[in-house]
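> missing the sequence, but the structure's below:
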């Protein structure tokens, strides 16, 4: 197989893993903020 | 000294951690771009391996970060367990996911490098098997933490596993010396002269710095989420 497959495969996977982690973190931050603001509204 | 003790409390650490995230995230992006430029443009093609060796610019930093983050995770987990420090236990939880990601990445990229150079995707070699065990240790830690509802009990259970698992780190590091392995020995040495060409070494070290900065940024970001989820801290930003 072409060596470029292994090189770009590796960097592509690394990019996917890191972007996936960052995206998951952004979603988690949003969920946490939403839960906090909802909690504040619900609190008497 | 007492000034630093206040950061053991999540309420005091949270504002500092959330302010520090961009100071690591932006340099991480700059270092990644520079590292890729040096690794792909400046570093010459290897006379034996050709261009496939460029996989090592991501494989080696990922492997080092996987081991280093495990060491940090076990230290924080042990501090949290011994001193009942909540922030330390939360830091251990935060480190586990990034450490697992880097260990997984090191195994996959190692496999992608191994196929064209060794002719095989995987062998049950001491270095690779012990790194796979490291991934299982991370998976065990993450599973234990999510399986136990009470966070304090989950932290203690995770800490036991993390501390016991530290024994695997010297096994990974010295495996290439203790056993006859397919994986080559250390190329970069602190005490003696390294056998790598300067541009290749530069690319490797820049990528290592980028991975380190990235890890700090995401770990702090996750820590802030854990603080808000588990402690009564107000959201900043």
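Happy to help now that I have it. Since this is a predicted model, take the numbers as computed values, not measurements.
> Flag every buried residue along the helix or strand that residue B:213 is a member of.
For residue B:213, the element it lies in under DSSP states H and E is helix B:198-230. By neighbour count with 16 or more other CB atoms under 10 Å in any protein chain shown, helix B:198-230 contains the buried residues B:200-228. C-beta here means a position set from N, CA and C on the backbone, and glycine is covered the same way.
> Buried ones in stretch B:130-147, by neighbour count?
The neighbour-count check on stretch B:130-147 (16+ other CB under 10 Å) flags B:130, B:131, B:134, B:135, B:137, B:138, B:140, B:141, B:142, B:144, B:145 as buried.
> Now tabulate these in TSV and tack on pLDDT, distance to chain A and secondary structure.
Shown next, in TSV, are the buried residues of stretch B:130-147 (pLDDT from 0 to 100; distance: CB to the nearest CB, whole Å; DSSP: H, G, I helix; E, B strand; the rest coil):
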residue	pLDDT	distance to chain A	secondary structure
B:130	95	21	helix
B:131	96	16	helix
B:134	97	16	helix
B:135	97	13	helix
B:137	97	19	helix
B:138	97	14	helix
B:140	96	19	helix
B:141	96	17	helix
B:142	96	13	helix
B:144	94	20	helix
B:145	92	15	helix
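> what's the farthest-apart pair in the residues you listed?
B:130 and B:145 (22.9 Å; CB to CB).
> buried residues in stretch A:14-21?
So, applying 16+ other CB under 10 Å, buried residues of stretch A:14-21: A:14, A:17, A:18, A:21.
> Count the neighbours of residue B:152 for me.
Neighbours of residue B:152 under the rule other CB atoms under 10 Å in any protein chain shown: 13.
> What ranges does the chain have for its helices?
In the absence of a named chain, chain A is used. Using DSSP state H, the helices of chain A run over residues A:3-42.
> I was after chain B.
Taking DSSP H, the helices of chain B run over residues B:2-5, B:10-37, B:56-83, B:86-118, B:126-147, B:151-165, B:168-178, B:198-230.
> quick one: the fifth one to helix B:86-118, angle?
Taking axes from the mean of the first three to the mean of the last three CA atoms, to 10 degrees, one finds that helix B:126-147 is oriented at 150 degrees with respect to helix B:86-118.
> tell me what helix B:126-147 is packed against?
The contact analysis (3 or more CB pairs under 8 Å, 6 or more residues apart in numbering or on different chains; DSSP states H and E) places helix B:126-147 against helix B:56-83, helix B:86-118, helix B:151-165, helix B:168-178.
> right, and the ones you listed - which one's nearest residue B:18?
Of all the helices and strands packed on helix B:126-147, helix B:86-118 comes closest under CB to CB, at 13.1 Å.
> in that closest one, what's buried?
Neighbour-count burial for helix B:86-118 flags B:86-117 (criterion: 16+ other CB under 10 Å).
> which stretches of chain A aren't confidently modelled?
Along chain A, the parts satisfying pLDDT under 70 run over A:40-44.
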